[in-house]
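Chemist: below is the sequence, then the predicted model.
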Amino acid sequence: MAKFKILPSPPAAVRPQPKRPDDPTVDDGFVDKAKDAGISAADWVDERTSLSGTVRWVMFRPIPKGTNWFYTLGTATMVAFINQVITGMVLAMYYEPSASRAYESMKYINNEVFLGEFVHGMHRWGSTVMVLLVFLHMARTFFFGAYKYPRELNWVIGVALLVLTLAMSVTGYLLPFDQRAYWASVVAMNIAGNAPFLGPFTPPAALGGPDVTAVTLSRFYIIHMMLIPGLIIGLISAHLYLVIKLGTTAPPWIRADKVSGDLKEHDA
Amino acid sequence: MNQREKEEYLREYAILKAQGKPFFPYIIVKDGVMMIVVIGTIMLMSLTLGGELTAKADATTTTYAPRPEWYYFWAFELLKVIKPPELVGLATVGIPTIAMILLFLLPFYDRNPERHPLRRPLATTAGIFVISAMALLSYLGAEAGAPSQVNIDPPASIAAASHEDQVRWEAGRRLTAQSGCGGCHKIGPNGNDGPGPPLTEIGDRLKEGAIRETMINPTLPMPSFRELGPEALDEMAFFLSTLKSSGAAEGGH
Ligand code: HEM
C-alpha cells in the first residue's frame, strides 16, 4: 500500500466541477468573473503560505462512524470561551481596576452603556456555562475511554484547561468589587492560607499583602484578563492540534464492519 | 496497553475512520447547531438573570454572608463534613490537590485497554460515584441557604437583667446575624454546621474576653472582624457569652 495520498480530498458533494468550454452554461458573465477573481486571490495567498493544505487537513479530515452529539461538547466549550473573550473585551473598555472606581465602573456599564448590562450578563452567565460544559466534556471523554492511547497527552492538556477555567472564575469573581465579590475572596484566601506548607505564603503572594485591597484587585485583573486567557488560548490550540492530528475517537460501542482486502479512505 | 493492543486499536480505528464521513460538510453541521444553542442559552440567561451587583465592597461592615458560586457548593460542603481543625487545612487544599493529581495522571495508571464503560466497571463506578457525590454535596450546599439570621430568645439571666443589658444583648444578636458568622457557625437553629464549631453553647467554653479576642485574632480560615470596631465587638462578645447549655439557646423570635 503506497502512502502517497497524504491530504484528504474534498468529498464528491463539495468537490469543484470544472466546466468545459463547450458547456452551454459557461457565459463568462459577472458571476463567473467574480468567481475567477476569488479563486485567483485564494491562489495568490496559497502560493505564499501553502494554507490550502492546512485547510484540507482540518476540514476534510475523516471522522469515524458513530460520531454523535456528545462529540459537540468540546466545540461548545470553545464557543463559550470565545464568548468570554469577546464580552470580556467589551467590559474591559469601561472597567477600571481600582478599588475606588471598580464598582462605579461596573455600575456605569450596567446603567449607562448601550446594552451594557446585557454584555455584562453574558460574561457573568457565560462563565457558568463554560464551567458546566468543561465538566460535561470531561465526563464524555472519561466515560468513552477517550483518554487512552494515543490520546493521553490531550487528556493532560485538558485537565490543565480545567484548572485554568476554574482559576478564571475565582479571579473574575472579585473584579466587580461589590460585597459578594469582596467577602467571597476574603474567605477563599483564608481557606488557601490554611493549607499545609505553602498555605501561609499564599495570601501575601496572591493578594499583595495580608488583606484584600487595591493591590489584590489590579493583580487579579491582570491575571484574569492577560495571564490565564493567554495560557488558555495556547493550550486550546495544542488541544485542537492533537484532536485533528490523532482524530476523534469513535464511541466505544461502535465496531468496525468487516472489510475485505485493503481499505481506502472515504471516497463518497 | 502493550504493543499488540496498540496496533490492534490503531487498525480498528483506521477502519472506523474509513467508514466514517469527512468533517466538512457532514459533521460540522452538528457543531454549528451546538454553537447556536450555546450562544442562545448564554443570551437567554443574560436577559432573564441579568448582571446585577450587590452593594459596594466594604471592609468595615461585614453584613454579607459570603457565598461561593453554586458550582463550588460541593467543595464548601466537603469542608463542613471534615470537622477536626487540624484536618481542615488538609481538607481544603489537600483533597482538591490530590483530586487534581489523580485526574492529571489518569491515563497513566488506568492501563485497561478496554474503552466500553461497561467493560471498565471500576473506572465507570468511580466516575459515577464522584459525580453523584458532587451532585449530593451541591444540593446540600444549596439547601443550606444564606444564613444571615440568628433567632434566639434572651436567656433568663438577660430577661431579668437591666434594660441597658437587654439592649446590648439585642444589638449583639443583630450584629452577629449581620456579620455572616452563620456562614461557618451554627448558632441555635440558624447557620451552617461547619467549618467552624457551633456557637450555640459557646458561653460554656469561652469567656466574654476570649470570644472578643477570637473575633480579632482568629485561627484561619475564620476572617478577622477587627474592622467592626470595639463597640460592635463588645456587644457581640457579650451576646455570645450568654449562650450557655443551661437554658438559653432555643429557637424563637
Ligand atoms: C477550554 C476547555 C476545552 C476545550 C475548548 C476543548 C475542546 C475540545 C474539542 C473541540 C475536542 C474535539 C472532540 C469533542 O468535541 O469532543 C476535544 C477533544 C478532547 N478533549 Fe477537550 N476541550 C477542553 C477541555 C478538556 C478537558 C477539561 C478535558 C479532560 C480533562 C479534555 C479532554 C479531551 C480529550 C481526551 C479529547 C479527545 C476526545 C476524543 O478523541 O474522543 N478537554 N476537546
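Modeler: Thanks, I have it.
Chemist: CA atoms for contacts and neighbours, from now on please.
Modeler: Will do.
Chemist: my guess is A:P18 is in a strand, correct?
Modeler: No. If the criterion is DSSP: H, G, I helix; E, B strand; the rest coil, then A:P18 is coil and not within a strand.
Chemist: is stretch A:161-175 positioned near the ligand?
Modeler: Yes. Stretch A:161-175 reaches the ligand (CA under 6 Å from any ligand atom) through A:L161, A:L162.
Chemist: dump that stretch to PDB, keeping only the CA atoms.
Modeler: Output in PDB follows, covering the C-alpha atoms of stretch A:161-175 (Å, rounded to 0.1, in the frame of the first residue of the first chain):
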ATOM      1  CA  LEU A 161      -7.600  23.700  30.900                       C
ATOM      2  CA  LEU A 162     -10.000  22.700  33.600                       C
ATOM      3  CA  VAL A 163      -7.700  24.100  36.300                       C
ATOM      4  CA  LEU A 164      -7.300  27.400  34.300                       C
ATOM      5  CA  THR A 165     -11.000  27.700  33.700                       C
ATOM      6  CA  LEU A 166     -11.700  27.400  37.500                       C
ATOM      7  CA  ALA A 167      -8.900  29.900  38.100                       C
ATOM      8  CA  MET A 168     -10.700  32.300  35.700                       C
ATOM      9  CA  SER A 169     -13.900  32.100  37.700                       C
ATOM     10  CA  VAL A 170     -12.100  32.700  41.000                       C
ATOM     11  CA  THR A 171     -10.100  35.800  39.800                       C
ATOM     12  CA  GLY A 172     -13.100  37.100  37.900                       C
ATOM     13  CA  TYR A 173     -15.400  36.900  41.000                       C
ATOM     14  CA  LEU A 174     -13.500  39.700  42.700                       C
ATOM     15  CA  LEU A 175     -13.500  42.200  39.900                       C
END
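Chemist: could you list the residues in contact with it?
Modeler: Contact partners of stretch A:161-175, identified using CA atoms under 8 Å, 6 or more residues apart in numbering or on different chains, comprise A:97, A:102, A:127, A:131, A:134-135, A:181-182, A:184-185, A:217, A:220-221, A:223-224, A:228, A:232, A:235-236.
Chemist: among those residues, which ones are buried?
Modeler: A:97, A:102, A:127, A:131, A:134, A:181-182, A:184-185, A:217, A:220-221, A:223-224, A:228, A:232, A:235-236 (16 or more other CA atoms under 10 Å in any protein chain shown).
Chemist: mark which of these are part of strands, please.
Modeler: Judged by DSSP state E, the buried ones among the contacts of stretch A:161-175 include no members of strands.
Chemist: how many neighbours does A:F60 have?
Modeler: Neighbour count of A:F60, defined by other CA atoms under 10 Å in any protein chain shown: 21.
Chemist: what sits against it?
Modeler: Counting by CA under 8 Å, 6+ apart, the residues that A:F60 touches are A:P8, A:S9, A:P10, A:P11, B:P22, B:F23, B:F24.
Chemist: look up how far A:V131 lies from the residue positioned nearest the centre of chain A.
Modeler: The centroid of chain A falls nearest to A:M78 when counting by CA atoms, centre = their mean (3.1 Å). Distance of A:M78 to A:V131, given as CA to CA, to the nearest Å: 11 Å.
Chemist: same question, A:D36
Modeler: Going from A:D36 to A:V131 by CA to CA gives 46 Å.
Chemist: test my guess that A:I157 contacts A:H239.
Modeler: Yes. Contact criterion CA atoms under 8 Å: A:I157 and A:H239 qualify, at 6.5 Å.
Chemist: how about stretch A:134-151, does it reach the ligand?
Modeler: Yes. Judged by CA under 6 Å from any ligand atom, stretch A:134-151 and the ligand are in contact via A:V134, A:M138, A:T141, A:A146, A:Y147, A:R151.
Chemist: using TSV, lay out these together with pLDDT and secondary structure.
Modeler: Converted to TSV, the residues of stretch A:134-151 next to the ligand look like this (pLDDT from 0 to 100; DSSP: H, G, I helix; E, B strand; the rest coil):
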residue	pLDDT	secondary structure
A:V134	98	helix
A:M138	98	helix
A:T141	97	helix
A:A146	97	coil
A:Y147	97	coil
A:R151	97	coil
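Chemist: cross-check the residues you listed against chain B and keep the overlap.
Modeler: Residues of the residues of stretch A:134-151 next to the ligand in contact with chain B (CA under 8 Å from any CA of the partner chain): A:A146, A:Y147.
Chemist: nearest to B:L206 among the residues of stretch A:134-151 next to the ligand?
Modeler: For the residues of stretch A:134-151 next to the ligand, the residue nearest B:L206 by CA to CA is A:V134; the value is 46.7 Å.
Chemist: for that closest one, give me its contacts.
Modeler: A:V134 makes contacts with A:G74, A:T77, A:L162, as judged by CA under 8 Å, 6+ apart.
Chemist: mind giving me the ChimeraX command for buried ones among these?
Modeler: Applying 16+ other CA under 10 Å to the contacts of A:V134, the buried members can be selected in ChimeraX as follows:
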select /A:74,77,162
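Chemist: roughly how far does the nearest residue to B:I187 once chain neighbours are set aside sit from B:K244?
Modeler: Using CA to CA, 6 or more residues apart in numbering or on different chains and skipping residues adjacent in sequence, the residue nearest B:I187 is B:T200, 4.7 Å away. According to CA to CA, B:T200 and B:K244 sit 7 Å apart.
Chemist: neighbour-wise, which of these two wins?
Modeler: B:T200 (23 against 17).
Chemist: so that one: helix, strand or coil?
Modeler: coil.
Chemist: next: the one 4 residues further on.
Modeler: Three-state secondary structure (criterion: three-state DSSP) places B:D204 in helix.
Chemist: OK, contacts around the residue lying closest to it once chain neighbours are set aside?
Modeler: Distances taken as CA to CA, 6+ apart put B:K244 closest to B:D204, at 5.4 Å, once the chain neighbours are dropped. Listed by CA under 8 Å, 6+ apart, the contact set of B:K244 reads B:T200, B:E201, B:I202, B:G203, B:D204.
Chemist: any idea of the pLDDT on the third one?
Modeler: Among the per-residue scores, B:I202 holds a pLDDT of 92.
Chemist: how deep is B:L79 tucked in, by neighbour count?
Modeler: For B:L79, the neighbour count with other CA under 10 Å is 22.
Chemist: what about it, which helix or strand?
Modeler: Using DSSP states H and E, B:L79 sits within helix B:73-81.
Chemist: if you look at that helix, does any of it touch chain A?
Modeler: No. Helix B:73-81 is not in contact with chain A by CA under 8 Å from any CA; minimum separation 9.8 Å.
Chemist: so what does that helix touch, helix or strand wise?
Modeler: helix B:121-144 (3 or more CA pairs under 8 Å, 6 or more residues apart in numbering or on different chains; DSSP states H and E).
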